[in-house]
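Peer 1: Next input, structure requested:
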Amino acid sequence: MGFFDNKLRFSDGQAVTGSAASTYEIDCAIANANLGDGTPLVVEISIETTFVDGTSMTFELQHSAAGSSYTTLVQTPAIAEASLVKGYKFQIMVPKEHYRYLQMYYTVVGTHGAGKVTAVLQPAM
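Peer 2: This next block holds a predicted model:
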C-alpha cells in the first residue's frame, strides 16, 4: 500500500465483524465535488488480517451531500470470505460525479470472528 495522506483514508486496520461504516469519512470540502475530473481515483482496499467465521462481504463506496445520510455510489459483488485473506488487495473506481462526503460501508454476510481492512482514496495507477 505504501504511504498515504491520513486525510484520504476510510479505514486503517479497521476490525469488521458485522456490517459497518468505515471509521473515517472524507470531506471533499465542496458540494458535488466530482473528484473524478482529471486523474481517475480509486479506493484501494487491503485485507490486513484474514477474515474468519463469516460467508462473504461487499464493499460499498457511499456518498452524502450533508455528511449524515449516505447512499451507495458503487459496490463490489459479494466477495467470498475464502478470498479475504491477509495481503489480498483490490480497487474500486470512484465515479466522476459524487457528493461532498465519501465513506466506505462493509456489508457482512454471516458474523466474522476476525478480520481487518484498510481503505484509502488514491490516484488510479
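Peer 1: SS state for the residue nearest the centre of the chain?
Peer 2: Nearest to the mean C-alpha position of the chain, counting by CA atoms, centre = their mean, stands Met104 at 3.8 Å. Put simply, Met104 is strand when judged by DSSP: H, G, I helix; E, B strand; the rest coil.
Peer 1: give me the beta-bridge partners of it?
Peer 2: On the basis of DSSP bridges, Met104 is bridged to Leu61.
Peer 1: and the gap between Ala20 and Met93?
Peer 2: 23 Å (CB to CB, to the nearest Å). (Glycine included, C-beta is placed from N, CA and C.)
Peer 1: wait, the residue nearest to the centre of the chain sits on Met57?
Peer 2: No. With the criterion set as CB atoms under 8 Å, Met104 and Met57 do not qualify as a contacting pair; they are 11.4 Å apart.
Peer 1: I'd assumed Ser69 was in contact with Tyr101.
Peer 2: No. Contact criterion CB under 8 Å: Tyr101 and Ser69 do not qualify, at 9.9 Å.
Peer 1: more crowded one of the two?
Peer 2: Ranked by neighbour count (other CB atoms under 10 Å), Tyr101 and Ser69 place Tyr101 first, with 21 against 9.
Peer 1: Help me confirm that Ile45 is found in a strand?
Peer 2: Yes. The assignment for Ile45 by three-state DSSP puts it in a strand.
Peer 1: give the contact list for it.
Peer 2: Listed by CB atoms under 8 Å, 6 or more residues apart in numbering, the contact partners of Ile45 are Phe59, Lys89, Phe90, Gln91, Ile92, Met104, Val117, Thr118, Ala119.
Peer 1: The fifth one: how many residues sit nearby?
Peer 2: Burial measure for Ile92: 20 neighbouring residues, criterion other CB under 10 Å.
Peer 1: What's opposite Arg9 in the beta bridge?
Peer 2: So, taking DSSP bridges as the rule, Arg9 has Val120 as bridge partners.
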